[in-house]
Every structure is written in C-alpha cells, then in structure tokens.
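Engineer: Any chance you can model this:
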Amino acid sequence: MSNKLKVLVEKPEEQKLRDLGVRSWPIWIKEISTFDWEYDEKEVCLFLEGDVTVKTPFETVSFGKGDLVTFPQGLSCRWHVKQPVRKHYKFGDV
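Structural biologist: You can find the predicted model right below:
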C-alpha cells in the first residue's frame, strides 16, 4: 500500500487550526449522497458537521465533526455521505 495515497485523519488542537488559518477557508456543504471523486491536487478540510465514509483502492476511512482530513493529490475514491456535511476546505499547499 502506498502511504502517498492514504487519507490522513487528525483530531487537531485549536492552535493547529489557528496556525493553518482554517476558519478563513471557504465552506462546502453536501447533502446525504454517494459519489465518485478524484483529487487533482491535495485537499485539507475541517469537518464542522457530517458523517462520511470514503472508500479508496487502499482503504476505507470514516470521519466527521471535528476531524481535520487530508486527501492526497492523485487519490480516486467513493464518498458515502451518511449525514449532511459542512466543512472548511483548501486545495493545494496548506
């Protein structure tokens, strides 16, 4: 398994969120749904609400409110949104 294409889920300290400037990032909202997604560039996001499971060729990962999640560039996956999502997000270098 390639660590390069693994989803990283963290329970961040507030200081890390401040250092990253997460609260100034745009917000994305998504209803309960299932869809395929491919990451053309890295995405880092902080989940404010929701319950999601993402299946990749390498792993199945679940996350939700309070999780800081990093999706690597080049990752293809299937999102299963079990509870509506509200998240701050940023693409590219963070």
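
Engineer: Show me what the residue nearest to the spatial centre of the chain bridges to in the sheet.
Structural biologist: Centroid-nearest residue in the chain: Val69, 4.0 Å away (criterion: Cα atoms, centre = their mean). For Val69, the beta-bridge partners under DSSP bridges are Val9, Cys45.

Engineer: Show the pLDDT at it.
Structural biologist: Confidence at Val69, expressed as pLDDT, is 98.

Engineer: thought it was touching Lys42?
Structural biologist: No - assessed by Cβ atoms under 8 Å, Val69 is found out of contact with Lys42, at 11.2 Å. Every C-beta, even on glycine, is put in place using the N, C-alpha and C of the backbone.

Engineer: Would you enumerate the residues in contact with the residue nearest to the centre of the chain?
Structural biologist: Counting by Cβ atoms under 8 Å, 6 or more residues apart in numbering, Val69 touches 7-10, 44-47, 63.

Engineer: one more time with 6 Å
Structural biologist: With contact set as Cβ atoms under 6 Å, 6 or more residues apart in numbering, Val69 has these partners: 9, 45, 63.

Engineer: again, but for Glu31
Structural biologist: Pro84.

Engineer: mind running it again at 8 Å?
Structural biologist: 81, 84.

Engineer: Repeat that for Cys45.
Structural biologist: Cys45 touches 25, 28, 68-69, 71, 87-90, counting by Cβ under 8 Å, 6+ apart.

Engineer: could you redo the last one with a cut-off of 10 Å?
Structural biologist: Cys45 is in contact with 22, 25, 27-28, 63, 67-71, 85, 87-91, 94, counting by Cβ atoms under 10 Å, 6 or more residues apart in numbering.

Engineer: can you map out the helices along this protein?
Structural biologist: 14-20 (DSSP state H).

Engineer: which one's the longest strand in this structure?
Structural biologist: strand 76-91 (DSSP state E).

Engineer: counting contacts, what elements does that one pack onto?
Structural biologist: Judged by 3 or more Cβ pairs under 10 Å, 6 or more residues apart in numbering; DSSP states H and E, strand 76-91 is in contact with helix 14-20, strand 27-30, strand 33-38, strand 43-55, strand 60-64, strand 68-71.
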